[in-house]
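>>> task: produce atomic coordinates for the following.
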Amino acid sequence: MSSQAPKGQGAQRNVNNRFDRYTYEPEEEDLEMMKTQIIEVFPKTILNVVKSPDLPLDYSMNPYQGCEHGCSYCFARPTHEYWGYSAGIDFERKIMVKKNAAELLEKTFQKRNYVPKTIMLSGNTDCYQPIERQFEITRKLLEVCRDYRHPVGIITKNALVLRDLDILKDMAEKNLVSVSLSVPTLNEKLRRVMEPRTSSTQNKLKAIKVLSQNGIPVNVMVAPIIPALTSDETLSILKAVSDAGANSVGYTLVRLNDTVEPVFVDWLTTHFPDRKDKVLNLIKNMRGGKLGEKRYFDRYKGEGNIAEMIHKTFEIGKKKFFANKERAILSTENFTGSRTQQLRLF
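The predicted structure is shown next:
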């Protein structure tokens with residue numbers, strides 16, 4: 001394995017797929033030359049029913065599988081293994097594009113028995129990752145939601161969301177959209193290696209400001225909080241995003257489930273060897289002696305004294321900087337599935 005991470009990537013290598021009998025170790029030169037591979041897919045459905053009791057969601061949809069952002073801590077990495085790929089570099093460089101996503105969504109809205117409930121865009125990988133500039137799958141999905149007056153909540157780490165300001169403004173006027181920006185750090189040097197292809201911290205704050213100024217509710221997720229790496233920034237982040245115009249905030253603690261663990265440990269070894277053991281031991285403190293956590297509710301907030309200290313710090317900041325602010329509640333009352341269907345046919 002190379003002692004330096006391939007440029008613009010969070011993963012240092014392709015970790016072994018849990019479901020494969022055989023493994024492949026590429027040459028170092030192969031890793032440096034890897035480019036994003038686009039794989040067009042045509043699924044039969046686009047909406048996922050969310051059954052997790054610790055998520056205030058009913059539906060999610062993902063226009064892409066895999067994510068170019070390359071966040072070293074990304075909880076979604078293991079999902080790539082179900083497609084036969086690695087949770088490491090493959091997750092960042094083999095991206096599946098759902099070309100028929102908007103068509104599938106419209107057909108879903110047209111079903112007589114469809115019950116409108118807020119859709120999360122996305123629940124897994126980022127809907128505004130770099131290839132969205134080329135394919136515009138997310139924009140097409142938003143156009144369908146706007147035309148059918150269907151509520152949607154967006155979560156992203158990318159200021160590319162501002163490209164769709166025209167659609168978002170139309171939807172916000174009818175209480176149909178909110179945007180969550182993920183801001184885990186204000187340290188730009190750290191961001192560049194931890195989530196290398198996300199928007200800069202400055203551009204994230206700009207996106208919050210522009211969205212807010214245009215009447216679009218903005219939530220910020222301080223996520224994930226990583227002890228001994230980003231945990232000392234919580235109050236600074238809350239002040240910065242409040243000043244930028246965010247309406248509400250939330251947080252999650254880092255969790256290293258399955259093959260996220262070797263990816264993140266490799267990343268720490270490369271970029272923060274002096275802090276590696278401390279970070280991992282503190283994560284274990286929050287996770288009952290483990291690095292990962294799959295139990296509902298505990299997976300986001302953790303347990304133990306370190307998790308409690310982070311929670312108290314967050315609550316102090318929330319009371320100070322978000323005392324008179326509330327998270328937007330979107331409306332399903334204006335959904336016009338059948339009527340809009342007729343309008344779009346003629």
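>>> please count neighbours and contacts with C-alpha atoms only from this point.
Noted.
>>> helices along the stretch 201-346 of the chain, start to end?
Here the stretch 201-346 of the chain has its helices, by DSSP state H, counting those that start in this stretch, at 201-213, 234-244, 260-271, 276-286, 298-301, 304-321, 337-345.
>>> can these go into CSV with extra columns for distance to residue 71, mean neighbour count and mean pLDDT?
Conversion of those to CSV gives the following (distance: least, CA to CA, whole Å; neighbours: other CA atoms under 10 Å; pLDDT from 0 to 100):
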stretch, distance to residue 71, mean neighbour count, mean pLDDT
helix 201-213, 14, 19, 98
helix 234-244, 19, 19, 99
helix 260-271, 9, 20, 96
helix 276-286, 17, 19, 98
helix 298-301, 17, 18, 91
helix 304-321, 22, 16, 98
helix 337-345, 37, 12, 50
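>>> helices along the stretch 51-200 of the chain, start to end?
Under DSSP H, counting those that start in this stretch, the stretch 51-200 of the chain gives helices at 89-93, 101-109, 132-135, 137-147, 165-172, 188-194.
>>> just those helices: most buried one?
Ranked by mean neighbour count under mean count of other CA atoms under 10 Å, the helices of the stretch 51-200 of the chain are led by helix 89-93, which reaches a mean of 24.
>>> could the helices of the stretch 201-346 of the chain go into a markdown table alongside distance to residue 36?
As requested, those are exported to a markdown table (distance: least, CA to CA, whole Å):
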| stretch | distance to residue 36 |
| --- | --- |
| helix 201-213 | 24 |
| helix 234-244 | 32 |
| helix 260-271 | 18 |
| helix 276-286 | 29 |
| helix 298-301 | 31 |
| helix 304-321 | 37 |
| helix 337-345 | 36 |
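>>> for residue 140, find the nearest of the ones you listed.
The closest of the helices of the stretch 201-346 of the chain to residue 140 is helix 337-345. By CA to CA, the value is 14.7 Å.
>>> so can I have JSON lines of the helices of the stretch 51-200 of the chain showing mean pLDDT?
Converted to JSON lines, these look like this (pLDDT from 0 to 100):
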{"stretch": "helix 89-93", "mean pLDDT": "94"}
{"stretch": "helix 101-109", "mean pLDDT": "97"}
{"stretch": "helix 132-135", "mean pLDDT": "98"}
{"stretch": "helix 137-147", "mean pLDDT": "98"}
{"stretch": "helix 165-172", "mean pLDDT": "98"}
{"stretch": "helix 188-194", "mean pLDDT": "97"}
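>>> with distance to residue 63 added, can I get the ones you listed in a markdown table?
Listed next are the helices of the stretch 51-200 of the chain as a markdown table, based on distance: least, CA to CA, whole Å:
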| stretch | distance to residue 63 |
| --- | --- |
| helix 89-93 | 15 |
| helix 101-109 | 6 |
| helix 132-135 | 9 |
| helix 137-147 | 6 |
| helix 165-172 | 17 |
| helix 188-194 | 23 |
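>>> so which of those gets nearest residue 121?
Per CA to CA, nearest to residue 121 of the helices of the stretch 51-200 of the chain: helix 137-147, 8.3 Å.
>>> and that closest one, what does it pack against?
helix 101-109, helix 165-172 (3 or more CA pairs under 8 Å, 6 or more residues apart in numbering; DSSP states H and E).
>>> to residue 218, which of the helices of the stretch 51-200 of the chain lies closest?
helix 165-172 (10.9 Å).
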